[in-house]
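S.K.: Provided below for reference: sequence and predicted model.
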Amino acid sequence: MSTLSQLLSEKHIKALILDLDGVVTQTARLHAQAWKRMFDAYLKQRGEKEGKRYEPLDIETDYREYIDGIPRYDGVRNFLKSRGISLPDGTPEDEEEDETVGGLGNLKNMYLQELLKQNGVDVYEDTIAWLKQQKQQGMRTAVISASKNCVDVLHVAGIERLFEEHVDGLQSAALGLKGKPAPDIFLEAARRLDIAPQEAAVFEDARKGVQAGKAGGFGLVVGIDRHHDAEGLKSNGADLVIQEFPKV
Ligand SMILES: O=P(O)(O)OC[C@H]1O[C@@H](O)[C@H](O)[C@@H](O)[C@@H]1O
């Protein structure tokens, strides 16, 4: 099988567009932890009221399928639907204790902020070293994230300057970009770099992210398998799956 470097050169790739959480920074697990804390408590409390038991959130299955890589409130709706629950949307301004999509999403965000404060942000050193090397060789770079915490995470990790452009959850909402698996966020990053999608490679750790890369007609879609999901990434459209970036 061809290596990443071979494919980049064969496909005349000029730009690298990387997802943030789970590809560049070790924040995917913090998101997953915050979601689990919020949903498990909510389902327990709701189950007690209704006299039934709801299955808690499973990070390996539920998180990947219903939440990973997509905008906050879509994640709330998707997962609740899997448990047969539908709540009023409310608004993004809802209080954390409101029993609405907005309220639950904001409670998860409060837990995420706590985790970010306690843990800081660790980067994936393999990604950073490889990216620096690629930049020196003239590759263009952008980072994207469904997260509204993207800029904070880049800042805490001290890596803003690695990327020429970023498109995040806040900008996506302002621009009306559709969440993954729609390709909008990647296409917007390519547009800002002034590079055709066929000349850009997308790097993603989420199944919905590789679907988005494929849907956007990108020259190369690389699945980054940090959590034993090579098959899931492949079957959702990754051209190549790697566990880590090539050693520099
Ligand atoms: O709630 P935020 O920080 O705007 O993030 C939205 C989503 O961003 C994605 O990057 C994460 O994979 C999801 O777990 C998260 O829910």
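M.R.: Now that the structure is in, tell me what you want to look at.

S.K.: Asn149 contacts Leu116, correct?
M.R.: Yes. Applying C-beta atoms under 8 Å, one finds Asn149 in contact with Leu116, separated by 7.2 Å. Where C-beta positions appear, they are placed from N, C-alpha and C, glycine not excepted.

S.K.: More neighbours: which of the two?
M.R.: Asn149 (23 against 18; other C-beta atoms under 10 Å).

S.K.: Show the contacting residues for the more buried one.
M.R.: By C-beta atoms under 8 Å, 6 or more residues apart in numbering, the residues touching Asn149 are Asn109, Leu112, Gln113, Leu116, Gly169.

S.K.: Could you chop this protein up by domain?
M.R.: Domains of the chain are assigned by automatic domain parsing as 4-27+124-242, 29-119.

S.K.: Tell me the confidence at the closest residue to Pro71 other than its chain neighbours?
M.R.: Of all residues not flanking Pro71 in the chain, Gly179 sits nearest, at 4.3 Å (C-beta to C-beta, 6 or more residues apart in numbering). Looking at Gly179, its pLDDT is 96.

S.K.: Tell me which of the domains of the chain sits nearest to Val248.
M.R.: Nearest of these to Val248, taken as C-beta to C-beta: domain 4-27+124-242 at 4.5 Å.

S.K.: From start to finish, how long is that closest one in a straight line?
M.R.: Start-to-end span of domain 4-27+124-242 (C-alpha to C-alpha, to the nearest Å) is 8 Å.

S.K.: what do you get for stretch 154-170?
M.R.: OK, stretch 154-170 end separation, C-alpha to C-alpha: 14 Å.

S.K.: Could you number the chain from 20 rather than 1 from now on?
M.R.: Okay, residue one is now 20; in that scheme the one you just asked about reads as stretch 173-189.

S.K.: what pLDDT, on average, does that stretch get?
M.R.: Over the span of stretch 173-189, the pLDDT mean works out to 96.

S.K.: ok, back up a step: tell me which helix or strand the residue nearest to Pro90 sits in.
M.R.: Following DSSP states H and E, one finds Gly198 outside all helices and strands.

S.K.: count of residues packed around Leu35?
M.R.: Neighbourhood size, Leu35 [other C-beta under 10 Å]: 24.

S.K.: Contact partners for the residue nearest to Pro90?
M.R.: Gly198 makes contact with Ile89, Pro90, Asp93, Ala165, Ser191, Ile204 under the criterion C-beta under 8 Å, 6+ apart.

S.K.: For the ligand, see how far away the residue located most distally from the centre of the chain is.
M.R.: Residue farthest from the centre of the chain, counting by C-alpha atoms, centre = their mean, is Gly70 at 35.2 Å. Taking C-beta to the nearest ligand atom, to the nearest Å as the measure, Gly70 falls 30 Å from the ligand.

S.K.: Understood, closing this out.
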